[in-house]
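> model this:
(one chain, ligands or ions: 1)
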Amino acid sequence: MEDEEESWHGKKEFWQDFSFGEELMEKAPEEVEKIIELADLKKGMKLLDLCCGVGRHSLEFAKKDFEVTGVDITRDYLEKANKRAENENIDIEFLREDMRDFRREEEYDAVVNLFSSFGYFKKEEDNIQVLENVFDSLKPEGKFVMDVKGKEIIARIFQERDWYETENGYVLEERKVENDWNYLKTRRIKIMDGEVREHEFGHWLYTAKELKDMIEDVGFDEVDVYSSYDGEYYDREAERLVAVAKKF
Ligand SMILES: C[S@@+](CC[C@H](N)C(=O)[O-])C[C@H]1O[C@@H](n2cnc3c(N)ncnc32)[C@H](O)[C@@H]1O
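Numbers count the residues shown, from 1 in each chain. Below is the predicted model of the structure:
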C-alpha cells in the first residue's frame, strides 16, 4: 500500500490532520438511526463503513446489531477505533486498507461512505474505482449510502478566504476552484498550542446530477439524493448531499 504520508502534491492530506471533536462524536448515534431509517437497513445486516475514521459510525451500527467491517487508511484513526470498540466490548473488524483496493465480492448488505470521504483522488478513474469496489462488494439488493458536500452547496457558500476558532486554536483557509468548477483546492493554516501548521489538499466536487450519474454508471439502478439523513429534498437550502443507492 502506498504510504499515506505521500500524496500527489507532496503534502499531508486534510484527513490526516482531521480532529474528531466531541461535537462530531456526539452526532453519530442520531446519524446512524436516521441512516438506518432512510436506507431501510435491518438489524443483523453485514455493513461496511468505508473510510470509517475513528469508527464513530461503525460503533453505533455495531451497537444496533449490525455485523460491521470498518475500513480506513489512517493507522492512528484505526487504533483509536479499535480501542473504543475494546473498551465498549464491541466486536468490529477494523482493517487498514486503501478504498481503491478494498473489495469483497457480494459480501455486504450495506456500504456507507460518510462525511465527505469521497472524491479524494486526483485521477478520476480512482474515484470511479472506489464506486466499482462498493458495487461489487454489495450483495444483490444491497444499499449504498454516501454523504458529501455537494457542488451546489459549495457554490452557494463559497468564500475565498475564511477563518474559524476551534477548541485548540484558530484555522485559516484559502480556497480555489479549479478544473472548470470540478475541483476544490484548500490551503489550511492551523494555529494551535503556539504552533503553526500548514496543509494543502484538494478534492473533486459533484453536483447531485453528477454524483447520481457516476453511481449509476458503475451499475446501481436506483439512486436518490437528499439534503440530509432526514430525507429532505436536495434543494437550495441543503447543507449536505446524501445519496442512497440500491443494487438490483
Ligand atoms: C473526513 S474523514 C471521515 C471519517 C468517518 N467517515 C467519519 O464520518 O467520522 C475521511 C476518512 O477517509 C480516510 N481515507 C482517506 N483516504 C483513504 C483511502 N485512500 N482509503 C481508505 N480511507 C481513506 C481518512 O483516513 C479519514 O478517516
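> which residue of the protein sits farthest from its center?
When each C-alpha in the chain is compared with the mean C-alpha position (CA atoms, centre = their mean), Gly194 comes out farthest, at 30.4 Å.
> partners of Ile191 in the sheet?
With DSSP bridges as the criterion, the beta-bridge partners of Ile191 are Tyr170, Val196.
> Return the backbone torsion pair for the residue farthest from the centre of the chain.
phi 80, psi 10 (degrees, to the nearest 10).
> quick check, the helix or strand containing Glu37 touching the ligand?
Using DSSP states H and E, Glu37 sits within helix 22-39. No - on the criterion CB under 6 Å from any ligand atom, helix 22-39 is out of touch with the ligand, staying 6.6 Å away. Any C-beta I mention is one placed from the backbone N, CA and C, and that applies to glycine too.
> what's the next secondary structure element after that helix?
Past helix 22-39, further along toward the C-terminus, the next helix or strand under DSSP H and E is strand 46-50.
> Quick check: mean pLDDT of that following strand?
Mean pLDDT, strand 46-50: 98.
> and the angle from the next helix or strand after it to helix 22-39?
Of the helices and strands lying after strand 46-50 in sequence (DSSP H and E), the nearest is helix 56-63. With axes from the mean of the first three to the mean of the last three CA atoms, to 10 degrees as the criterion, the two stretches helix 56-63 and helix 22-39 enclose an angle of 50 degrees.
> Show me what counts as buried in the helix holding Glu37.
For helix 22-39, a neighbour-count test (16 or more other CB atoms under 10 Å) marks Ala28, Glu31, Val32, Ile35, Ile36, Leu38, Ala39 as buried.
> what's near enough to touch the residue farthest from the centre of the chain?
The neighbours of Gly194, taking CB atoms under 8 Å, 6 or more residues apart in numbering as the test, come to nothing; the list is empty.
> What sits closest to Gly219 if chain neighbours are left out?
Closest residue in space to Gly219, ignoring its immediate chain neighbours: Phe135 at 4.9 Å, by CB to CB, 6 or more residues apart in numbering.
> any idea what that neighbour is structurally, helix, strand or coil?
Under DSSP: H, G, I helix; E, B strand; the rest coil, the three-state class of Phe135 is helix.
> Return the distance of it relative to Arg103.
When CB to CB, to the nearest Å is applied, the distance between Phe135 and Arg103 equals 9 Å.
> Kindly report the same for Leu184.
Distance, Leu184 to Arg103, by CB to CB: 28 Å.
> Apart from its chain neighbours, what residue comes closest to Gly70?
Cys52 (3.4 Å).
> Can you get me a residue count around the one you found?
28 (other CB atoms under 10 Å).
> Now that it has come up, it's in contact with Glu60, right?
No - the criterion here is CB atoms under 8 Å, and Cys52 misses it with Glu60 at 11.2 Å.
> Tell me which helix or strand the one residue sitting closest to the centre of the chain sits in.
Taking CA atoms, centre = their mean as the criterion, Ser117 is the residue nearest the geometric centre of the chain, at 2.5 Å. Under the assignment given by DSSP H and E, Ser117 is not contained in any helix or strand.
> For it, what are phi and psi?
Torsion angles at Ser117 (phi, psi; degrees, to the nearest 10) stand at phi -110, psi 30.
> on that earlier part again, relative to the ligand, how far out is the residue farthest from the centre of the chain?
In this view, Gly194 and the ligand are 26 Å apart by CB to the nearest ligand atom, to the nearest Å.
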